[in-house]
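Asker: Got a predicted model here, sequence first, then my questions.
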Amino acid sequence: QARLKESGGGSVQPGGSLRLSCAASGFSLDYYAVAWFRQAPGKEREGVATISATEAYTNYPASVKGRFTISRDNAKNTVYLQMDSLKPEDTAVYFCKADSLSYEYWGQGTQVTVSS
């Protein structure tokens, strides 16, 4: 069964760092672009990072640019989101999505809480 599973969430103080992982099972991520999204209570889901299948392209919105870094290790069938200089407004459930244009998979999310 094809699925994505996020991990690495937790609670951290402002200015801290977390690294999220998005691990695929039942299919290969090699031909999939992967994106991270987040959703805070009462807010719409927001895209925070995208990486192309070839790693040639990454993209971030202004809200996280310079603080978040997306990367992938196809040998481990995993995509990562390194989050540095975290702020309270980064608090949300973080989801990953794999998209090949033919197929799309979503994970169930991992909670990130930034609070002093």
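Answerer: Yep, that arrived. Residues are numbered from 1 along each chain as shown.

Asker: okay, which residue is most central for the chain?
Answerer: The C-alpha lying nearest the average C-alpha coordinate of the chain belongs to Trp36 (CA atoms, centre = their mean; 3.2 Å).

Asker: what about that residue, distance to Pro88?
Answerer: Per CB to CB, to the nearest Å, Trp36 is found 19 Å from Pro88. The C-beta positions use only the backbone N, C-alpha and C, and glycine is treated the same way.

Asker: Does the residue nearest to the centre of the chain lie in a helix or a strand, and which?
Answerer: Per DSSP states H and E, Trp36 falls inside strand 33-39.

Asker: hang on, the earlier thing: which pLDDT value goes with the residue nearest to the centre of the chain?
Answerer: pLDDT for Trp36: 98.

Asker: who does it bridge with?
Answerer: Under the criterion DSSP bridges, Trp36 forms beta bridges with Ala49, Cys96.

Asker: Equivalent analysis for Met83, please.
Answerer: According to DSSP bridges, beta-bridge pairing links Met83 with Leu18, Phe68.

Asker: tally of neighbours for it?
Answerer: Residues contacting Met83 under the criterion other CB atoms under 10 Å number 26.

Asker: Repeat that for Ala62.
Answerer: 6.

Asker: Let me know the secondary structure of Glu89.
Answerer: What DSSP: H, G, I helix; E, B strand; the rest coil gives for Glu89 is helix.

Asker: Can you tell me how far it is from Ala40?
Answerer: Glu89 sits 8 Å away from Ala40 when distances are taken as CB to CB.

Asker: ditto for Asn59
Answerer: When Asn59 is compared with Ala40 (using CB to CB), they lie 21 Å apart.

Asker: Could you do Thr69 as well?
Answerer: The gap separating Thr69 from Ala40 is 21 Å, by CB to CB.

Asker: Between the two, point out the one with more neighbours.
Answerer: Using other CB under 10 Å as the criterion, Thr69 and Ala40 rank with Thr69 on top: 17 against 14.

Asker: Surely that one is in contact with Asn59?
Answerer: No - judged on CB atoms under 8 Å, Thr69 makes no contact with Asn59 at a distance of 11.9 Å.
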